[in-house]
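Student: Structure, please.
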Amino acid sequence: MRLVCGAASGMFMLAGLQNGSATPHDNDGKMANYALVRDLAGQFKEQFGSLVCAELLGLAPRPADAPACRKAPCVEMVAEAVRIFLKNTNEV
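Tutor: Residues are numbered from 1 along each chain as shown. The predicted model follows:
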């Protein structure tokens, strides 16, 4: 549907699997995971200029404050999402 980038979405799912809480009333755990996802999203957006697939692929106008379009292919975005995730979860 060209909305949230699949590479970013996958990174967010990994964060939830690794750090999320399965306990309904664990608000501290949820808040910690939300903070991690916000941080991951910010780093991805800083690297590529957007979280929106259509913007990343040049199919929609990019935000005025976005970095210059690098026309990065999806494979590069997936690789960078993995690097961002591993760096932020102390897996490397």
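Student: Any idea how many residues pack against residue 82?
Tutor: Neighbour count for residue 82, taken as other CB atoms under 10 Å: 16. Placement of C-beta: from N, CA and C, glycine included.
Student: same question, residue 85
Tutor: 21.
Student: out of everything not next to it in sequence, what's closest to it?
Tutor: residue 11 (4.9 Å; CB to CB, 6 or more residues apart in numbering).
Student: Pull the contacting residues for that neighbour.
Tutor: Listed by CB atoms under 8 Å, 6 or more residues apart in numbering, the contact set of residue 11 reads 40, 44, 81-82, 84-85.
Student: Swap in 10 Å and give it another go.
Tutor: Neighbour list for residue 11: 5, 37, 40-41, 43-44, 77-78, 80-86, 88 [criterion: CB atoms under 10 Å, 6 or more residues apart in numbering].
Student: Please list only the buried members of those residues.
Tutor: Buried members of these, scored by 16 or more other CB atoms under 10 Å, are 5, 37, 40-41, 43-44, 77-78, 80-82, 84-85, 88.
Student: Of those residues, which is the nearest to residue 19?
Tutor: Residue 19 has its nearest neighbour among those in residue 37, at 8.9 Å by CB to CB.
Student: So that closest one lies in a strand, does it not?
Tutor: No. According to DSSP: H, G, I helix; E, B strand; the rest coil, residue 37 belongs to no strand; its state is helix.
Student: Which of the contacts of residue 11 fall within helices?
Tutor: Among these, the ones falling in helices (DSSP state H) are 37, 40-41, 43-44, 77-78, 80-86, 88.
Student: quick one: low-confidence ranges for this protein?
Tutor: By pLDDT under 70, the weakly predicted segments of the chain are 66-72, 91-92.
Student: circling back: among the contacts of residue 11, which one sits closest to residue 50?
Tutor: Using CB to CB, residue 5 comes nearest to residue 50 of those, at 7.8 Å.
Student: how about the closest one, what does it touch?
Tutor: By CB under 10 Å, 6+ apart, the neighbours of residue 5 are 11, 41, 44-45, 48, 50-57, 74, 77-78, 81.
Student: ok, now how distant is it from residue 81?
Tutor: Using CB to CB, to the nearest Å, we find residue 5 at a distance of 8 Å from residue 81.
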